[in-house]
Structure formats: C-alpha cells, structure tokens
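In: Kindly return the folded structure for what I paste below:
(2 chains)
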Amino acid sequence: MSEEKQKIFKPRPVSGYPEWLPEERLVELRWIDEIRSVFESYGFCSIETPSVEEVDVLVAKGGDADKEIYALKRLHEDPDARSDARVALHYDLTVPLARYVAQHYGDLVFPFKRYQIQKAWRGERPQEGRFREFLQCDIDVIDNDNLSIEFDAEMPAIAYEIFQRLNVGNVTININNRKILQGFYSGLGLSNVIEVIRIVDKMDKIGPDGVGKLLLDELRLDGEMVAKCLSLAKIRTNDSSFVSAVRALGIENETLDEGLTELEFVMNALSHIPPGVVFADLSIARGFDYYTGTVYETKLADYPDFPSICSGGRYDNLVSSYMNKRLPGVGFSIGLTRIFVKLLKEGKLDIGAKSPTAVMVAQLPESDRALAATTAQQLRARGINVEMYHEQGKLKNQLRYAERKGIAFVWFPPVDDNGMHEVKNMATGEQVTADIATWRP
RNA sequence: GUGGCUGUAGCUCAGUUGGUUAGAGCGCCGCACUGUGACUGCGGAGGCCGUGGGUUCAAAUCCCAUCAGCCACCCCA
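Out: Coordinates of the predicted model:
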C-alpha cells in the first residue's frame, strides 16, 4: 500500500430505502410479531414469494403500475444474451399472490387464507410516507366462484385489532363499495366511471369545490351531474344510515342496489367496534383498478393529511390472466414502513433498549471465567437473554456498556466458594443476592 | 417522470459586505476512579465546506454545471 490515503466513500443514505438503528429495529420486529399473531389468530397462514416475478406477470394487471416497476439485470449483462426470463421486483404482494394461487391451485384448500409480510419496491419519488422499498403486511382470502361477504366484514375487524395492539393511536377506517360508485354513475348516465372515481377520490385533498371543478373542466360533466356526484361523495355515516341518504338522491340502478346491500351488511357486522372508528364513506375509492366491491382505506386519526396506512378491497377475478377460473378475493395491506416512520418522526414510538439482552454477566478481575460462562448458560437455558462481557476490563466500563445498551440487569457470579450470585438492577442501582435457578428479570 | 427549495464534523447547525491555520453544542475516545454506570471536571480524535469548472491577488462565501437530499404534483402502503 502506498502512503496515499485510501479513498473514503462517504456513507450516504439512499433516498427511499430506509434502515433502522438496533433499538428501532427491535420495535419493528415486535410489530411484525404482533401483526403475525393477529393474522394467525384468524386462521390465516403465511407464505413467502420471491422478490422478483417475471415482468409479464407484473405488467399483466394493467394500470400504469409498470412505470414504477424496477427491472433486474446484471451489471455486465451481455446485451446479446437471451433473457426471456426478464424479472423485476414486485411492487405489491397481490400480483405475486395471484401467480402463486394459479401455480399451486391443485395443492391449496379454499377458501385460501394467506398472509404475507414482505418488502415491496416502487420507483416513485420518495417523500414523507412514500418509499422505494417498504414493508407491506398483506392478508387476503381467495375462494372458488363465490366468496362470502362475511370476509369483507372480517377484514376491517382484523385491521382494527392490529392497530389496537400496535398502539398507533386512533385510526379511522373508511369503507365504500365500488358497486355503489359504479351503479350510481351509470345510473346518472356517465360512461367514464373510472375517471370520475379517480377525481372524486381526491376529495379529502382538494375538497368538494376542487373535485367539482375537475369534473366540470376535465370531464365536461354538466352542473347537475357534478352536483349529484358531490352529493354522493359527501355521504359519510358511522352506521347503515348511508343507505337512505343514497336513496334520497333518486338514482335507480341494479349495481347500486347490490353495492348498498353489501356495504350495509359490512357496516352492521362491524357494529361491535367502538364508535368513531369505522365509517361508510362514499367518497373513497382507494387502491388499484382491479377492486370491484368493498374498498377500505385507513388513516391515522391524528394525522388526517397523512396518506392511507392500510387499504384494500374485494376483487372479482384474481387469476384471470393465469387460468380459466373465477376466483374472487378480498384483502388489505398494511403499510408498516409508512406508519413506522411517521410515528418515529413524531416521537410516538416506544423506543426501548438498544439490544434484546436482559442480563449481562460481568467479569471481575478475580472472578472465574468458566463460572461466568456457566452462569450465562444456565440463565439462557431458562429462556433469559444473556450476554457476557468478554473483557476483564474496568468494571466501570462494563457497567457503562450495560447502561448504554439498555441492559436492565448486570449479574455478578460469586468470586469465592462461599460467595453468592448477585444481580444489580441498572434502573434503581440496587444490588441483591440472587438464586440462579429461580431469579426472573 | 414534471416543478420548487437545500448541500459546512457521526448528528443539529454558526460562519460577518469574498480576507490568514473553519467554529459551537451533542455524540465518540481517554484521564480523574484498576469491585460499581447515569452527574461533574480536564484532555483528545474527527472537515479538500457534496463534486467539477469559472471569476478574483484571495472563494465555505460570487457564477455555471453536475450529483445528492427535502417538498409539491403524479401515483399509492
């Protein structure tokens, strides 16, 4: 090596790809465990699909999602090489699920209930609440031909339970049914339903006036139609009274009726959830275009301007691009990273110790290494997280280390044959004798 | 992808109308204390001022480009 200084690369965060400190990651892991446990308590089982899918699979769902897809290639790929199996990172977990269900159709039991907690990647400009790599917690149920509406009602109940357990503060779960929108707009004589939905969905951001203006300017609707659309979008109730409100607008349509019946069922089934959480909100239409019935959108009540933290809905035909069968499904996705980063930024996260260690075994100059190791092992065998301080350095440094890492207890094995084990509580400073066979943190 | 704002120590930021060896707080390392942390005191390390070019006797400071970050739009978890 020459005397020239080695080039140092300044460590930089890559925008949109978050990473955590150990103490933050511990909280994230706890969240994942809670979410898993709620999912499983409802009988959903875990699957994991590869990070990549074939590009054709990802693009098949249509929409303009393909703009956000990250394709994968080797840095020095031979440009002439055949690369039929072009692959790209999945941008959600629903498309991989569709492929998975089609692939393993014969081995799955229906209704197939699965959850999936994995990273997803989207090539968006990152900003608050928006990342290029983020963790999604998806839950879906798929059935043959018909899927009970009861699942539509179960989904928000599961989501609510999770947010309670995670202690993220109050949430608002808004529910709508695409059939209501579809039927209502068709009944009004509108043809470009998707476009209308796209604009009406901006309600919470630009308000009724803004939506009205867009409908007039962009879609050239007449004033009366705009007024009807806005009247529908303004309906928001915490029970099934939205039905009569919609009826009062005087639109007759079969699809509309279906939607109203479904949403009414869902709202009634959720009446056990405390008031102020679940709303029938006829302005929301979140999610990708493939939703056909119930749609959900969940927001943090304390941050109304912050985007949806959990959304999903019902789709009629998950696997149509892979097999000639009709498999309807319903599910939602929790944007774990989005919530996590927001609460972290707001200081609302309960950040604890910097390590999972409960007990650190200290080493005094005259203490017996072997005894320290045995002590640690005995405590571990009882399910306690124990680490040893592997240098016989100054005790001051050992305690400082434990203190800074948030280790709650420091263990002192006896230094002579007649001695006793002692354990020091770092929070109180109190140090007492302890029985290695019975002591608990 | 389109537009606006911002880049000085690990972090948060000072840095006078361009003027010598670029500063603070926090954090980090060491000592005071070789069997007890948090407090205190003292000392230390750490920066080609995002990168490249230009103007000037002189650039962290002015100009251009570029890269990166943040925000808004779009879209969405």
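
In: Span of stretch A:383-395 from start to end?
Out: In stretch A:383-395, first residue to last residue: 26 Å (C-alpha to C-alpha, to the nearest Å).

In: Just the buried positions in it, please.
Out: By neighbour count on 16 or more other C-beta atoms under 10 Å, the buried set for stretch A:383-395 is A:384, A:386-389. Placement of C-beta: from N, CA and C, glycine included.

In: any chance of these in CSV, plus distance to A:N192 and pLDDT?
Out: What follows is the buried residues of stretch A:383-395, written out as CSV (distance: C-beta to C-beta, whole Å; pLDDT from 0 to 100):
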residue, distance to A:N192, pLDDT
A:I384, 64, 97
A:V386, 65, 96
A:E387, 63, 94
A:M388, 69, 93
A:Y389, 69, 91
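
In: of those, closest to RNA strand B?
Out: Nearest to RNA strand B among the buried residues of stretch A:383-395: A:Y389, at 12.3 Å, using C-beta to the nearest atom of the strand.

In: one step back: closest one to A:V341 out of the buried residues of stretch A:383-395, please.
Out: Among the buried residues of stretch A:383-395, A:E387 lies closest to A:V341 (C-beta to C-beta), at 29.5 Å.

In: what's the helix or strand for that closest one?
Out: strand A:386-388 (DSSP states H and E).

In: C-terminal to that strand, what's the next element?
Out: Next element after strand A:386-388 (DSSP H and E): helix A:395-405.

In: and that next one, how far out from the chain's middle?
Out: Centroid displacement of helix A:395-405 relative to its chain, using C-alpha atoms, centre = their mean, to the nearest Å, is 36 Å.

In: Who are the packing partners of the strand holding A:E387?
Out: Helices and strands touching strand A:386-388, by 3 or more C-beta pairs under 8 Å, 6 or more residues apart in numbering; DSSP states H and E, are strand A:359-361, helix A:369-381.

In: Outline the domain layout of chain A.
Out: Using automatic domain parsing, the domains assigned to chain A come out as A:22-345, A:359-433.

In: Show me which pair in the buried residues of stretch A:383-395 is furthest apart.
Out: Among the buried residues of stretch A:383-395, A:I384 and A:Y389 lie farthest apart (C-beta to C-beta), at 16.0 Å.

In: Report the contact partners of A:G312.
Out: For A:G312, the contacting residues are A:140, A:155, A:287, A:295-296, A:330-333, by C-beta atoms under 8 Å, 6 or more residues apart in numbering.

In: May I see the buried residues of stretch A:383-395 arranged in TSV, with distance to RNA strand B as well?
Out: TSV is the format used below for the buried residues of stretch A:383-395 (distance: C-beta to the nearest atom of the strand, whole Å):
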residue	distance to RNA strand B
A:I384	18
A:V386	17
A:E387	16
A:M388	16
A:Y389	12
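
In: Let's have those residues in CSV, adding distance to A:S240.
Out: Output for the buried residues of stretch A:383-395, formatted as CSV (distance: C-beta to C-beta, whole Å):
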residue, distance to A:S240
A:I384, 52
A:V386, 56
A:E387, 56
A:M388, 62
A:Y389, 63
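
In: so how many other residues sit close to A:G43?
Out: Under the neighbour criterion other C-beta atoms under 10 Å, A:G43 is assigned a count of 9.

In: Sticking with it, tell me its helix or strand.
Out: Using DSSP H and E, no helix or strand contains A:G43.

In: pretty sure it contacts A:F112?
Out: No: under the criterion of C-beta atoms under 8 Å, A:G43 makes no contact with A:F112, lying 11.2 Å away.

In: picking that back up, just the helices and strands packed on strand A:386-388: most buried one?
Out: Most buried of the helices and strands packed on strand A:386-388, by mean neighbour count (mean count of other C-beta atoms under 10 Å): strand A:359-361, with a mean of 25.

In: for it, packing partners?
Out: Using 3+ C-beta pairs under 8 Å, 6+ apart, strand A:359-361 sits against helix A:369-381, strand A:386-388, helix A:395-405, strand A:409-412.

In: between the ones you listed, which gets the lowest average pLDDT?
Out: Lowest mean pLDDT of the helices and strands packed on strand A:359-361: helix A:395-405, a mean of 90.

In: quick one: buried residues of that one?
Out: Residues A:398-399, A:401-402, A:405 are the ones in helix A:395-405 that count as buried (16+ other C-beta under 10 Å).

In: can I get the contacts of A:G312 in TSV with distance to A:K205, pLDDT and neighbour count?
Out: Formatted as TSV, the contacts of A:G312 follow (distance: C-beta to C-beta, whole Å; pLDDT from 0 to 100; neighbours: other C-beta atoms under 10 Å):
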residue	distance to A:K205	pLDDT	neighbour count
A:D140	28	97	26
A:M155	25	97	26
A:G287	16	58	21
A:V295	17	94	29
A:Y296	18	94	28
A:V330	26	96	28
A:G331	25	95	26
A:F332	21	95	23
A:S333	21	95	23
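
In: need those in CSV with distance to RNA strand B, can you?
Out: Shown next, in CSV, are the contacts of A:G312 (distance: C-beta to the nearest atom of the strand, whole Å):
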residue, distance to RNA strand B
A:D140, 12
A:M155, 13
A:G287, 4
A:V295, 9
A:Y296, 9
A:V330, 13
A:G331, 10
A:F332, 8
A:S333, 4
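
In: Need the max-distance pair from those residues.
Out: Farthest-apart pair in the contacts of A:G312 is A:D140 and A:V295; separation 14.0 Å (C-beta to C-beta).

In: Mind checking the helices and strands packed on strand A:386-388 for the one nearest to RNA strand B?
Out: Closest of the helices and strands packed on strand A:386-388 to RNA strand B is strand A:359-361, at 11.2 Å (criterion: C-beta to the nearest atom of the strand).

In: surely A:M155 meets A:I139?
Out: Yes: if you go by C-beta under 8 Å, A:M155 and A:I139 touch, sitting 7.4 Å apart.

In: got any residues that touch both of those two?
Out: The overlap between the contact sets of A:M155 and A:I139 (C-beta under 8 Å, 6+ apart) consists of A:331-332.

In: and which of the buried residues of helix A:395-405 is nearest RNA strand B?
Out: Once C-beta to the nearest atom of the strand is applied, the member of the buried residues of helix A:395-405 that ends up nearest RNA strand B is A:L399, at 3.2 Å.

In: how close does the closest one sit to A:H421?
Out: Relative to A:H421, A:L399 is positioned 17 Å away (C-beta to C-beta, to the nearest Å).

In: can you check A:V359 too?
Out: Distance, A:V359 to A:H421, by C-beta to C-beta: 11 Å.

In: which residues do the two both contact?
Out: A:W411.

In: and the residue of chain A nearest RNA strand B?
Out: Using C-beta to the nearest atom of the strand, the closest approach of chain A to RNA strand B is made by A:G335 at 2.1 Å.
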